[in-house]
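Trainee: The following block contains a protein sequence and its predicted model.
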Amino acid sequence: MSKELMWWVIAVVAVAALGVALWGPILSNVEQPEYNVVESSGSIEIRDYKPMIVAEVQVSGDRGEAIGKGFRIIADYIFGNNTAAQKVPMTAPATQQGREKIAMTAPVTQHGGGNGWTVRFVMPASYTIKTLPKPNNPAVSLKEIGAKRFAVIRFSGMGKKDSLIRHTKKLNDFINAEHLTPLSAPTYAFYNPPWTLPFLRRNEVMMEVYGDPPE
């Protein structure tokens with residue numbers, strides 16, 4: 001192989017690799033839920049989210065298996081499997097929450113419901129519950145969610161079980177230190193397509209909370 005051809009091949013491979021690296025973040029540059037940051041501390045924020053509409057599905061199985069299953073069902077709805085055969089713009093993140101109960105007087109969760117999960121996509125803000133096309137699949141539900149306050153920790157990587165557990169503990173420690181009351185089980189939020197490089201990924205653990213951070 002000549003030097004010129006070798007350098008041409010290297011250049012093509014480099015450009016292709018860069019394209020793969022950037023493709024995930026580019027595709028993730030979509031509409032996201034609106035919120036105001038009340039307080040920040042490193043990778044943790046307290047956010048006030050505005051009301052939103054979500055499409056959700058109940059799935060069971062291992063956490064990784066469940067998010068994939070739920071994603072496919074809701075993606076089928078927004079890609080046109082609805083009464084209007086209409087595409088709904090993709091948003092980020094996709095969220096996943098275990099069916100858990102939580103003690104309202106202390107930051108301790110009581111796990112229940114086995115391996116059941118709720119997977120959600122937030123619908124674009126331009127829609128109302130009346131203007132969104134209705135799902136053909138009865139497993140998909142459209143719900144209006146009121147304004148809520150969340151404590152959120154952000155991190156990169158693959159969002160595997162150990163990482164989720166570790167960051168959930170950090171978030172719980174922060175909630176304790178801020179004297180906030182948790183109102184929900186942890187919600188896992190994933191912002192990127194599966195082919196996004198780990199260090200470019202945006203993942204979050206979110207917990208609805210009540211109370212104001214200390215001055």
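Mentor: Done, it's in.

Trainee: Val57 is in contact with Lys143, correct?
Mentor: No: the criterion here is CB atoms under 8 Å, and Lys143 misses it with Val57 at 11.1 Å. Where you see a C-beta, it was placed from the backbone N, CA and C, and this is true even at glycine.

Trainee: In terms of neighbours, single out the busier of these two.
Mentor: It is Val57, of Lys143 and Val57, that has more neighbours when counted by other CB atoms under 10 Å, with 23 against 12.

Trainee: Please look at the more buried one and Pro135 and confirm they touch.
Mentor: No: Val57 is not in contact with Pro135 according to CB under 8 Å; the separation is 9.2 Å.

Trainee: Identify the contacts common to these two.
Mentor: Shared contacts of Val57 and Pro135 (CB atoms under 8 Å, 6 or more residues apart in numbering): Ser141.

Trainee: So which elements touch the host helix or strand of Lys169?
Mentor: If you go by DSSP states H and E, Lys169 is part of helix 161-177. Counting contacts by 3 or more CB pairs under 8 Å, 6 or more residues apart in numbering; DSSP states H and E, helix 161-177 packs against strand 44-49, helix 63-78, strand 148-155, strand 203-210.

Trainee: Give me the contact list for it.
Mentor: 41, 44, 63-64, 107, 151-153, 155, 157, 182, 186, 188, 203, 205, 207, 209.

Trainee: next structured bit after the helix or strand bottoming out on mean pLDDT in the chain?
Mentor: Lowest by mean pLDDT, DSSP states H and E among the helices and strands of the chain is strand 109-110, with a mean of 24. Next along the chain after strand 109-110, taking DSSP H and E as the criterion, comes strand 116-122.
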